[in-house]
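Engineer: Provided below are the primary sequence and the corresponding predicted coordinates.
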Amino acid sequence: MRSMLKGLIAVAMACTASAAWSATLDNVKKNGVLTCGTNSATAGFSLPDNEGKWTGFVVDYCRAVAAAVLGDAQKVKFIPLTPKDRFTALQSGEIDILAHNATWTSSRDMSLGILFAGTYFYDGQGFMVRKADKITSAKGLDGASICVTQGTTTELNLADYFRSQSIKYTTVGFADEEAVVKAYEEGRCDVLSADTSTLNASRLRMAKPDDSIVLPELISKEPLGPAVRQGDDQWFNVAKWTLYVMVAAEEFGVTSKNVDAMKSSDNPNIRRLLGVEGSIGKDIGLGDTWPVEVIKQVGNYGEVFDRNVGKDSPLKMERGLNALWNKGGIQYAPPIR
Amino acid sequence: MTDQSLHPPIVNLALMPAMAPPADVRPGPVTWIKRNLFSTPFSAALTICFVLLAVWLLHQFLSFAILKAVWSGGREACSANPEGACWPFIAEKFDYLRYGAYPISERWRVDLTQAIGTILIVWLLWTKAPRRKLAAMLFFVFYPIAAFVLLRGVALLHLPVIDTTLWGGLLITLLMSIVGIVFSLPLGVILALGRRSDLPMVKAVCVTFIEVVRGVPFITVLFMANFMMPLFVPDYLTPDRLLRPLIAIALFSSAYMAEVVRAGLQAIPKGQYEAAKALGISYFDMMRLIVLPQALTIVIPSIVSTFIGLFKDTTLVAIVGIADFLKAIETARVDPSWAGPTISSTGYLFAGLVYWGFCFGMSRYSQSMERQLVRGHKS
């Protein structure tokens, strides 16, 4: 079935050619609304609140793109997608941009007709253990039983990591995350392993969340990023540089609160970032001050992180790899000049 | 002639007096229980086992849902009590579960639509109500238009247009099932008649439609409609994202309904068709007045099972990114500001109760309907 679908997509793509899709930017401007595919419900990343308004980390990225292109962060139509249909929806043109918890991998970049436009969240598989066990590092997990969700790459990563470390372990697999958390709480395993973005949410769901801690090690690389259709370089740039502008704004200390004041800054980096000098708008086909709209309406990278998954959210994730490059992480924006 | 001459003298014309029950059997609950529940040691053992099981299950249910449940407070109160349901969570999410992301200032439109719908349905289903033909008229002609105008909005009438990506929750579930139910029965009857028709083309078209639709999983149809259609159809011809599954569900359920109706048609003896034709009754009058009323009465249980199945199948639209009631529950339970050990169980329990309530209602109504319609044949 899936290969048939892929075949159909390939045929259809060949027929309609990239011409129809090369102008996503113009289409979005014409429609006056950005159609964004997101996760259907992932705590901290994309989730409707009590009023049904979408909130979360990847949702804010979409709002930033809308602010850049349309000047209004609210002009986004969110289409919740499952991991199975997210790439099809992007390929077929049902959505303009995919902001999902999708890992950027070589095969996805090369063979699906889509391109990842950067990494907005460096995720990775980690471990959660009981504080009472006094384990401080993954190296101390010798002989541990580990609860995981079956059928994902989680088990494979475990096998790779522990073999390279020559550590013995046993896995206890369950069909879904809910069951994994329950088994861990009931003491059927010593360790819970999953991507850190879900580990923190799982911990909150426990009866005694404070009895467990997340270990610092990550044993796999899961760079999560936005994706666009291949063959539309202009739109690819919009997606990529919206993210970079948010990262750069954090680096230069430009926040949603001080952005207007910062326009009169003497720092040439800030002046170019905010479009006071240079041609950040013209070259990409957007308004001169699009970065100002992004920062004012959505915020810089750090603000978005803290608000949704970081210290101001119930999830309280550490910045970790997602800290800026000059603060111990690897979030890095190319120079704006 | 006298009466005597009609009956042979051995016939006793007086009624026999009723005999007293045997001395060892006294009618009453004790006898009933003895006979039905404890007639043999084996059946006594089974009775005791099942009563214990039922009591235990009921106790578990009541203790989670009511006795140990949390009725007020917030996340802390719920997290502190892993034994019972967390009803404040449902209370806070209730509006989201009902309307999805429908703008708050416009939610009266959903309420109004649902109120009109409820009144019309009660009017239509309550067999003793006056002027039910008018109710049918209103429900099948006026109501869809009114619902469209109210829910989607028409700028001319100062009702802002609400994009269907914002609709969600119970609104979607009810909309999907009502559209499915309302369209599937008439379409199903037409398809069933077509399949039994003598005209070869009509028959071929109906058979092809029914078999193709029944041969494809509903999920595939939804997936094609919502993710693949933009590949084949130009942008301006692509119908709304919510309309596509609505059309799909109407066509899909009509194919199943056609087979149910056909079963009823086959149960009507051939003699009735022939008698009707011999009397010169036209095809449509024969179907309308003689065959269909009997055929549909026979298949009421199957029709209602199809409706109940359809009601539950509406949850499948969640996979194409439409937040129906179940999806809304699943979304609500992920909320980190409510995360706790009982949140998921509470959410699913509530979903189960709501679905059960609707399905049980349909089932009870169909049973009372059956009793009313069947009376004619019994006397």
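Structural biologist: Good, I have the coordinates.
Engineer: which SS class is the residue nearest in space to the middle of chain B?
Structural biologist: By Cα atoms, centre = their mean, chain B has its centre lying nearest to residue B:308, at 3.5 Å. The assignment at residue B:308 comes out as helix when based on DSSP: H, G, I helix; E, B strand; the rest coil.
Engineer: now it: how far from residue B:315?
Structural biologist: 13 Å (Cβ to Cβ, to the nearest Å). Heads up, the C-betas are built off the backbone N, CA and C, glycines and all.
Engineer: dump the residue contacts of residue 163.
Structural biologist: By default, I'm working from chain A. Contact analysis of residue A:163 by Cβ atoms under 8 Å, 6 or more residues apart in numbering or on different chains lists nothing.
Engineer: that's the wrong chain, I wanted chain B
Structural biologist: residue A:77.
Engineer: Wasn't residue A:147 part of a helix?
Structural biologist: No: checked against three-state DSSP, residue A:147 lies outside a helix; its state is strand.
Engineer: re earlier: which element, helix or strand, includes the closest residue to the residue nearest to the centre of chain B other than its chain neighbours?
Structural biologist: Nearest residue to residue B:308, sequence neighbours excluded (Cβ to Cβ, 6 or more residues apart in numbering or on different chains): residue B:359, at 4.8 Å. Element membership of residue B:359, judged by DSSP states H and E, is helix B:343-378.
Engineer: And the strands in chain A?
Structural biologist: With DSSP state E as the criterion, chain A has strands at A:34-39, A:47-48, A:54-55, A:76-81, A:97-98, A:114-116, A:121-123, A:125-130, A:144-149, A:169-174, A:191-195, A:212-214, A:222-224, A:227-229.
Engineer: Quick check: which of those is buried the most?
Structural biologist: Highest mean neighbour count among the strands of chain A (mean count of other Cβ atoms under 10 Å in any protein chain shown): strand A:97-98, with a mean of 28.
Engineer: anything in that one near chain B?
Structural biologist: No: judged by Cβ under 8 Å from any Cβ of the partner chain, strand A:97-98 stays clear of chain B, getting no closer than 12.3 Å.
Engineer: so how far is that strand off the chain centroid?
Structural biologist: 11 Å (Cα atoms, centre = their mean, to the nearest Å).
Engineer: swap in stretch A:41-59?
Structural biologist: 13 Å.
Engineer: In it, which residues are buried?
Structural biologist: A:41-48, A:52-59 (16 or more other Cβ atoms under 10 Å in any protein chain shown).
Engineer: ok, so of those, who is nearest residue B:250?
Structural biologist: The nearest member of the buried residues of stretch A:41-59 to residue B:250, counting by Cβ to Cβ, is residue A:52 at 26.1 Å.
Engineer: How much space separates the closest one from chain B?
Structural biologist: Counting by Cβ to the nearest Cβ, to the nearest Å, the separation of residue A:52 from chain B is 3 Å.
Engineer: In this structure residue B:247 contacts residue B:239, no?
Structural biologist: Yes: Residue B:247 is within contact range of residue B:239, at 7.4 Å (criterion: Cβ atoms under 8 Å).
Engineer: ok, back up a step: could I get the contacting residues of the residue nearest to the centre of chain B?
Structural biologist: So residue B:308 contacts B:359, B:362-363 (Cβ under 8 Å, 6+ apart).
Engineer: Report the buried members of these.
Structural biologist: Looking at the contacts of residue B:308 with 16+ other Cβ under 10 Å, the buried ones turn out to be B:359, B:362.
Engineer: could you dump the contacts of residue B:308 to JSON lines with pLDDT?
Structural biologist: Output for the contacts of residue B:308, formatted as JSON lines (pLDDT from 0 to 100):
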{"residue": "B:359", "pLDDT": "94"}
{"residue": "B:362", "pLDDT": "91"}
{"residue": "B:363", "pLDDT": "92"}
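Engineer: Closest to chain A out of the contacts of residue B:308?
Structural biologist: residue B:359 (24.8 Å; Cβ to the nearest Cβ).
Engineer: distance of the closest one from residue B:353?
Structural biologist: 11 Å.
Engineer: so what pLDDT did residue 149 get?
Structural biologist: No chain was given, so I picked chain A. Looking at residue A:149, its pLDDT reads 85.
Engineer: oops, chain B please
Structural biologist: 89.
Engineer: check contacts around residue A:45.
Structural biologist: Contacts of residue A:45 by Cβ under 8 Å, 6+ apart are A:38-39, A:56-59, A:101, A:121, A:197, A:308-309.
Engineer: For it, what are phi and psi?
Structural biologist: phi -100, psi -50 (degrees, to the nearest 10).
Engineer: The one 4 residues further on too?
Structural biologist: Note on residue A:49: its backbone torsions stand at phi -80, psi -170 [degrees, to the nearest 10].
Engineer: beta partners of the residue nearest to it when sequence neighbours are not counted?
Structural biologist: Nearest non-adjacent residue to residue A:49, counting by Cβ to Cβ, 6+ apart: residue A:55, 5.3 Å away. Residue A:55 forms beta bridges with residue A:47, as assigned by DSSP bridges.
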